[in-house]
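K.L.:
Build the 3D model from these lines:
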Amino acid sequence: MDTTDTDTVEQSAADKVREEAGRVGEAAKEEMSQLVDEARDQGRGLVAEASDRLRDEAQHQSQRVAENLRTLSSDLRTMAQSTEGSGTAVTWVRMGADRFDGLAERLEVRGFDGLMEDVGSFARRTPMTFLALTFGAGLIAARAIKNMDTDRLTSTRDSVSQLGSGQRAPGLPMENRPGSGDMTS
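P.N.:
I've put the predicted structure just below:
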């Protein structure tokens, strides 16, 4: 075998290796593309399922709110009817009952989606008022959360300080209090 034959054999082998590498690369590329498509489809399915569950829960909660508004409206009407006279306060209570009743009906008929449409419409009509209301609601929620946390921490701190001061801590009998010499059961 001379060098030209060897070069030809080597060239042929290199071409075969290149072809095979190209096939393997194409197969890997195709497999990867299928995996990406499958992952994308599964991700979309999960998002759609989660969205459906959230929408169902929101719909259920809006129905519960509507029921509570109906109950409140009924209670206000009963209160207004049981009050003697027809003063301004009675008139306002009746108007409040009518408003709550109308809101309950709107929630029952249009549901959560209708409520979101109403909020969006209000935000588009009066954006500054909407922003001010949401800012205020956020402040109120933050204060409520902060106060709940502070109340819990204060309660825990007071219980711990009672243990150290010799006072009986809530739920802990005096004889089992840490630091008391008598540990009778």
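K.L.:
which strands and helices sit next to the longest helix that the chain contains?
P.N.:
Counting residues, the longest helix found in the chain (DSSP state H) is helix 3-82. Where contact means 3 or more Cβ pairs under 8 Å, 6 or more residues apart in numbering; DSSP states H and E, helix 3-82 is packed against helix 88-125. Heads up, the C-betas are built off the backbone N, CA and C, glycines and all.
K.L.:
average pLDDT across the helix it packs on?
P.N.:
For helix 88-125, mean pLDDT is 91.
K.L.:
residues of it that come out buried?
P.N.:
90, 93-94, 96-97, 100-101, 103-104, 107-108, 111-112, 115 (16 or more other Cβ atoms under 10 Å).
K.L.:
Show me what it is packed against.
P.N.:
helix 3-82, helix 127-165.
K.L.:
Now render the ones you listed as JSON lines, adding mean neighbour count.
P.N.:
Listed next are the helices and strands packed on helix 88-125 as JSON lines, based on neighbours: other Cβ atoms under 10 Å:
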{"stretch": "helix 3-82", "mean neighbour count": "12"}
{"stretch": "helix 127-165", "mean neighbour count": "11"}
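K.L.:
picking up where we left off before, what is the nearest of the buried residues of helix 88-125 to residue 48?
P.N.:
Nearest to residue 48 among the buried residues of helix 88-125: residue 112, at 17.2 Å, using Cβ to Cβ.
K.L.:
if I read this right, that closest one contacts residue 62, doesn't it?
P.N.:
Yes. Applying Cβ atoms under 8 Å, one finds residue 112 in contact with residue 62, separated by 4.4 Å.
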